[in-house]
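# heads up, no residue letters with this:
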């Protein structure tokens, strides 16, 4: 219990202390007029109150990630708490804050344009394709999943439910952000938070034993420790709640609605910390409810790693019938509210690339129709293999964005170590995971570590050469100025 409570306290302190440091490094300008006011188009650029934006941002970035990912991550034991806390404070929240604020400073542009601004045209083109494909895959998966669950409750045919979910997605992608998303997201966001509070109360009042780090140590408690080593597997399994590249695709949506730069820390850094707390709660529930991490591993193995079963079991047991309703909302509404903004993000990314104004319904349809045709086709594909790469792709996206932010800080003459350290760490994570994971090259662990480290050193070398080039350029400029 001490580790769990201490972790929550650390996250809250992280928001007030480290969040303030990050804000100062960025250098907010409260007097600067934001795109929501200068580019208000009544569709995507719409001024909204920060509380409403916070709940939308929270649900945009949360989805099922801090629930399912945290339960799966709990299979490694209490070490999951440490990754959620330190990953969230020093990597995830920093990533979300800067990606949102850089979008805010760049007319609300999508993340591929932001990355291209600092890493060059090549990365911009890569990111345009990579992120659109990622958004289509996320959107398509979050059509089939909720439709299957809804069909299990009301057996009217999965095809009918797919059609209903698609119809909602189309409306959410086309309509002004304050007309549909802006109205229902705050409600679902509140429900997700209320559900987390209820689970916490059930665990604490029920006297369920939450494992402690100082009792269990940092040992690997996974059923197959040699196949699933803590590094890098845990750092990819728990993405939402620690750091997730998907968040950087969502932050520009809210960057187009914020009315003052001072609100950025509350919305971007604050939503990520809140998601971290939700992840802590579910990780604790997973470890405690079944009597320990070992028992959780047995349960997850019996149900083929199905975290949804565990979430439903815990919710119904701790919260009764009302908990069942909340679980339904969480398991169905959460992926839907990630799927719709995934498609909306895809529209905005393509619109930014084509420089196509989105005030006109005709222009929105020109992009939306092909997106949904592609999304529908993807729903017919077997995801059993493709979806394995989603976790790695997500963390790779986060790594690229962190490097782009680091370059921005270098160019601006700011304290770039604040993102350089997590950039290097995540580079090692994604490189090693690609080498070691079954869906990657499946190399022996020591070999994977060696190659991952080598790839990281190559990236660091590139960065040092970039720093050297920047210093030479600055020195030349000074010499010219003195002459």
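Done, it's in. All of these numbers come straight from a predicted model, not from anything done at the bench.

# Every contact and neighbour count from this point should use C-alpha atoms.
Will do.

# which helix of the protein spans the most residues?
helix 445-482 (DSSP state H).

# as a whole number, average confidence for that helix?
Mean per-residue pLDDT for helix 445-482: 87.

# list the helices and strands that helix packs on?
Helices and strands touching helix 445-482, by 3 or more Cα pairs under 8 Å, 6 or more residues apart in numbering; DSSP states H and E, are helix 417-436.

# in the host helix or strand of residue 336, what's buried?
In the assignment (DSSP states H and E), residue 336 maps to helix 334-354. Neighbour counts over helix 334-354 (16 or more other Cα atoms under 10 Å) mark 334-353 as buried.

# Repeat that for stretch 294-313.
Under the neighbour-count criterion of 16+ other Cα under 10 Å, stretch 294-313 has 294-300, 305, 307-308, 310-312 buried.

# which residues sit against stretch 252-270?
15, 19-20, 23, 28-37, 44-50, 53-54, 57, 93-94, 96-97, 99-101, 103-104, 107-111, 251, 345 (Cα atoms under 8 Å, 6 or more residues apart in numbering).

# quick one on the thing from earlier: for the buried residues of stretch 294-313, work out which two are farthest apart.
294 and 312 (19.4 Å; Cα to Cα).

# low-scoring stretches of this protein, by residue?
Within the chain, the stretches with pLDDT under 70 are 152-153, 216-217, 324, 326-331, 382-388, 475-483.

# Just checking the distance from stretch 96-108 to the centre of its chain.
Averaged C-alpha coordinates place stretch 96-108 at 15 Å from its chain's average position (Cα atoms, centre = their mean, to the nearest Å).

# I meant stretch 174-192, not that one.
18 Å.

# Let the chain start at 242 from now.
With the count now opening at 242, the last piece we talked about shows up as stretch 415-433.

# what's next to that stretch, contact-wise?
Residues outside stretch 415-433 that contact it (Cα under 8 Å, 6+ apart): 283-285, 287, 289, 293-294, 296-297, 299-300, 412-413, 567, 570-571, 574-575, 578, 585, 602, 605-606, 609.

# and stretch 644-652, which residues are buried?
Using 16+ other Cα under 10 Å as the test for burial, stretch 644-652 gives 644, 645, 646, 647, 648, 649, 650, 651.

# from these, which ones fall inside helices?
644, 645, 646, 647, 648, 649, 650, 651.

# With distance to residue 448 added, can I get those residues in CSV?
Converted to CSV, these look like this (distance: Cα to Cα, whole Å):
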residue, distance to residue 448
644, 44
645, 46
646, 44
647, 45
648, 49
649, 48
650, 47
651, 50
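
# what's whichever helix or strand comes after the helix holding residue 577 packed up against?
The helix or strand immediately downstream of helix 575-595 is helix 602-619, counting by DSSP H and E. For helix 602-619, the elements it packs on are helix 362-394, helix 399-415, helix 575-595, judged by 3+ Cα pairs under 8 Å, 6+ apart.

# Make CSV out of these and add distance to residue 324.
Shown next, in CSV, are the helices and strands packed on helix 602-619 (distance: least, Cα to Cα, whole Å):
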stretch, distance to residue 324
helix 362-394, 24
helix 399-415, 33
helix 575-595, 23
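
# quick one, which of these is packed in tightest?
helix 575-595 (a mean of 24; mean count of other Cα atoms under 10 Å).
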